[in-house]
Every structure is written in structure tokens, then in C-alpha cells.
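Trainee: Here's my sequence, what's the structure:
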Amino acid sequence: VTIIDLLIENWRYAILPVLGMLIGWGTNWLALKMLFKPRKPFGVGRYKIQGLIPSRRNDLSGTIAKTISDELLSSEDLVKAMNELDIKGIALSQVNSIVEKKIESLDLKNSPPLGMLHDTIVSTAQSIVSSQVEDSIDDFLENMGDHVSGNLDIVRLMEEKLSSLDDERIEEIVTEVSKKELKHIERLGAVLGFIIGCLQVLLLWLTE
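Mentor: Residues are numbered from 1 along each chain as shown. Just a heads-up that it's a prediction; the model follows:
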């Protein structure tokens, strides 16, 4: 007696795990597809069907944007990041370079009285200009930080960006990021369905 003969003879027992596996896999596959499709609502009267994400995309965009702003990237975080860029140091370096080039263009080295004081003139001019510029930069950075914190609406900007994505692009992003996990969910449905089918076989065998 072969395994095939046993399966044919006891087909009722063999088919239940297979059906359970197919139903479990198919149910999870359909549920995942219905996250994104149908993209446009269709149906009769009040009874309409639409994918979860397309139907709730505005709510999802707002929730995601607010969560990112609250937990990951706020206006204060942007101001802090800008301060860490050492904007003042970069600006002062550029100012000193410009001052030096301007004085060099005057060709003071070839003027006997001033040539000897060339380096002193350059450093003095740089010191005076840098001092004035530094105060202006401090005021600018402080005002810019207050302006960004008070007027830059991170939530609105991210919500608008998310809302501008079409449904197809959203599906591509989610699928690309979680492709492996989505496959695992499908397979898990098949495994659970198979186990349930085996339990049904056991119950059927015990009741006979």
C-alpha cells in the first residue's frame, strides 16, 4: 500500500489540511491586496468597497505627519541642526577671505610705506569686519531660529507632501519597504490554515 493509495482511500482526511492551507493563504493574500485596492470606491448605493489606505489616506497622512513632527523631526530639531552646521564659522571664514583678496587687489606690497604693514593691515581689517559681521550673524541666527520655530509648520508641509503622492506610488513604497514581511504574512496564513485543517482531521477521526 503506497502513500497515494492511503490518500485516495482517506481523501476526506487529506483534503482538509490542503483546503485549510489554501484558504489561509488566500484570505491573507486578499486582505493584503485590499489594503491598497480597489483604489476607487465602487458598489451599489451606500454599500461601497475601497482599499483601506486609499479610503483613509487623508487621515493617514495627517497622523503620519504629526507623529514624525512630534517624535522625529520638529521645528526645534531643525533649528538645532542648523546651529550645529557652524554657519557663523563658515560665514566668518568667507568674510576673512574676501577682505584679504580686496586688500591684495590694492597691491599695497609694492607701496614702500604700506608694504611693511601689509600683514598688519590685513589682520586689522579682518578683525574689524569680522567683529561687525559676527554680531550681525548672531542676530540673524537668533531671529531665524525664532522665525522657524514660530512659523515653519512641519506637520502641514509633510501632510501636503504625503497627500500629493498618488495611490499607486504609496503602494509601491509600502510594498518595497515591507515586501519580505508581506510574504511572511501570506505564508503564515497558509501554515495556520494547514494546522487548523490537521486539527479538523483529528476531530473527525476521534468522532468516527
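
Trainee: hey, which helix is longest across this structure?
Mentor: With DSSP state H setting the assignment, residue counts place helix 167-207 as the longest helix in the chain.

Trainee: Please name the nearest non-neighbouring residue to Asn96.
Mentor: Spatial nearest neighbour of Asn96, chain neighbours left out: Gln126 (4.7 Å); criterion: CB to CB, 6 or more residues apart in numbering. C-beta here means a position set from N, CA and C on the backbone, and glycine is covered the same way.

Trainee: Tell me how far that neighbour lies from Leu165.
Mentor: When CB to CB, to the nearest Å is applied, the distance between Gln126 and Leu165 equals 50 Å.

Trainee: what about those two, which has more around it?
Mentor: More crowded of Gln126 and Leu165, by other CB atoms under 10 Å: Gln126, with 18 against 14.

Trainee: where does the more buried one land on pLDDT?
Mentor: Model confidence at Gln126, given as pLDDT, is 72.

Trainee: if I look at Val174, how far off is Asp167?
Mentor: Val174 sits 11 Å away from Asp167, taking CB to CB as the criterion.

Trainee: Equivalent analysis for Lys101, please.
Mentor: Lys101 sits at a distance of 55 Å from Asp167 (criterion: CB to CB).

Trainee: more neighbours, these two?
Mentor: Each of Lys101 and Asp167 had its neighbours counted (other CB under 10 Å), and the higher figure belongs to Asp167 (16 against 9).

Trainee: Tell me the residues that contact both of Val174 and Asp167, please.
Mentor: Residues touching both Val174 and Asp167 (CB atoms under 8 Å, 6 or more residues apart in numbering) are 36, 53.
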